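*Asks:* What would the 3D arrangement of this be:
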Amino acid sequence: MNGFLLFTFTASIAVSCMALALAIASQILHKTDWGVRYIVFQSCLIGIMVLYLASKISLFFMPENLLVVFNFIFKTAMMASMSFVIVYLPFFLSWVIAKPWRKVQLLRFTPLAMTYFGIGLAALIVNNEVFSFWVNLSQTLIFLGMYVYCIITLWVNLKSIEDQSARGVALSINIVSLSLIPLSILSLYVEWIAEFSYPIYVLAFSIIIIVYNYIRFGLDKEESESKPELNYESLSHYKISEREFTVVQLICEGYTNKEIAQELSISVNTVNNHVANIFSKMGVRSRIDLLKALKEGPWS
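*Replies:* You can find the predicted model right below:
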């Protein structure tokens with residue numbers, strides 16, 4: 001394994017881990033359906049690269065008899081991960097474009113994934129150069145076919161993505177994917193290009209996700225700074241007293257009436273009276289209604 005290839009894989013893994021960390025942070029904040037599926041997908045891509053890198057690095061320090069066994073394990077695990085991607089990428093795409101995953105799609109991609117894994121495993125067992133060449137060609141065509149299908153599907157359904165920032169990411173992914181197709185074709189004929197192609201794909205897509213999340217976090221920050229905070233004056237319309245406003249703040253923080261009493265060093269009955277007065281003045285019947293009214297106000 002030459003130094004440049006090692007650097008490419010290492011850089012791709014580092015950037016991918018950064019993209020994964022940002023995706024997890026974004027999911028905690030925004031809780032989107034496709035966010036969880038992206039985290040699973042990105043984790044799988046990183047796992048494949050780590051397995052591939054481990055199989056190459058083991059050449060330098062592992063005894064030959066153990067190397068054969070570990071290489072077989074590494075390559076089998078890597079093919080299993082790639083087979084998972086063949087099914088999972090279209091599944092993940094269906095959530096991004098807001099179109100439910102159908103059984104016909106499962107029947108379409110599962111046999112492809114099983115074929116990809118089966119012929120690859122056969123090539124490892126047979127260990128014939130000619131047979132391995134045709135297996136490698138078949139696997140590349142299977143993966144490339146799935147890849148092209150996803151590009152076309154994403155392009156056709158681009159307008160169905162409601163989130164504008166997510167739509168921008170999808171468009172960027174499409175443009176990058178189209179630009180990398182020549183690299184995929186060359187990898188069919190040139191072995192060293194094939195080795196470089198995978199980390200380059202993952203690196204390109206990870207950079208897009210990093211940029212997307214940085215932009216999204218920036219927009220969140222601008223939005224939070226542009227919104228006025230809830231303060232005593234903002235509730236003056238309801239004739240809320242200063243003490244009642246303090247109770248409102250503690251309710252917003254999730255305090256119970258008993259905890260509010262302890263925090264303010266007053267009796268629970270006094271807190272109950274404050275809460276009843278707040279409900280009456282703001283025209284709500286429960287804490288949930290109160291929080292909803294506060295959320296929908298101009299200060300939210």
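
*Asks:* check which helix or strand covers the nearest residue in space to residue 283 that is not next to it in sequence.
*Replies:* Of all residues not flanking residue 283 in the chain, residue 293 sits nearest, at 7.9 Å (Cβ to Cβ, 6 or more residues apart in numbering). For glycine as for every other residue, the C-beta is placed from the backbone atoms N, C-alpha and C. Secondary structure from DSSP states H and E places residue 293 in helix 287-296.

*Asks:* Can you list the neighbours in contact with that helix?
*Replies:* 230, 248, 251, 252, 278, 279, 282, 283, 284, 300 (Cβ atoms under 8 Å, 6 or more residues apart in numbering).

*Asks:* can you rerun that using 6 Å?
*Replies:* Here helix 287-296 makes contact (Cβ atoms under 6 Å, 6 or more residues apart in numbering) with 282, 284.

*Asks:* Check the average confidence over that helix, would you?
*Replies:* In this model, helix 287-296 has an average pLDDT of 78.

*Asks:* Distance from it to the middle of the chain?
*Replies:* Centre-to-centre, helix 287-296 and its host chain are 31 Å apart (Cα atoms, centre = their mean, to the nearest Å).

*Asks:* Tell me the spatial nearest neighbour of residue 255, not counting adjacent residues.
*Replies:* residue 263 (6.5 Å).

*Asks:* quick one: the strands in the stretch 101-250 of the chain?
*Replies:* All residues of the stretch 101-250 of the chain lie outside strands when identified by DSSP state E, counting those that start in this stretch.

*Asks:* and the spatially most central residue of the chain, what element?
*Replies:* Of all residues in the chain, the one closest to the mean position by Cα atoms, centre = their mean is residue 38, 2.9 Å from it. Here residue 38 sits within helix 33-61, counting by DSSP H and E.

*Asks:* all helices for the stretch 51-200 of the chain, in order.
*Replies:* Using DSSP state H, counting those that start in this stretch, the helices of the stretch 51-200 of the chain run over 64-96, 103-126, 129-156, 164-186, 191-226.

*Asks:* and stretch 65-79, which residues are buried?
*Replies:* Within stretch 65-79, the residues scored as buried using 16 or more other Cβ atoms under 10 Å are 71, 74, 75, 77, 78, 79.

*Asks:* number of nearby residues for residue 145?
*Replies:* 12 (other Cβ atoms under 10 Å).

*Asks:* any idea how far it lies from residue 58?
*Replies:* According to Cβ to Cβ, to the nearest Å, residue 145 and residue 58 sit 32 Å apart.

*Asks:* ditto for residue 200
*Replies:* 23 Å.

*Asks:* repeat for residue 155
*Replies:* From residue 155 to residue 58 the distance is 40 Å (Cβ to Cβ).

*Asks:* which SSE is residue 284 in?
*Replies:* Under the assignment here (DSSP H and E), residue 284 is part of no helix and no strand.

*Asks:* which ones are touching it?
*Replies:* 290, 293.

*Asks:* Do you know the pLDDT at it?
*Replies:* 87.

*Asks:* circling back to that earlier point, tell me the one among the buried residues of stretch 65-79 nearest to residue 274.
*Replies:* residue 77 (61.4 Å; Cβ to Cβ).

*Asks:* Not counting sequence-adjacent ones, nearest residue to that closest one?
*Replies:* The nearest residue in space to residue 77 (Cβ to Cβ, 6+ apart) is residue 51, at 5.4 Å.

*Asks:* before we move on, what about residue 203?
*Replies:* Nearest non-adjacent residue to residue 203 (Cβ to Cβ, 6+ apart): residue 12, at 4.2 Å.

*Asks:* how far away is that neighbour from residue 200?
*Replies:* Distance from residue 12 to residue 200, by Cβ to Cβ: 7 Å.

*Asks:* quick one, which of those two is more surrounded?
*Replies:* residue 12 (23 against 15).

*Asks:* Distance-wise, check the more buried one relative to residue 54.
*Replies:* From residue 12 to residue 54 the distance is 14 Å (Cβ to Cβ).
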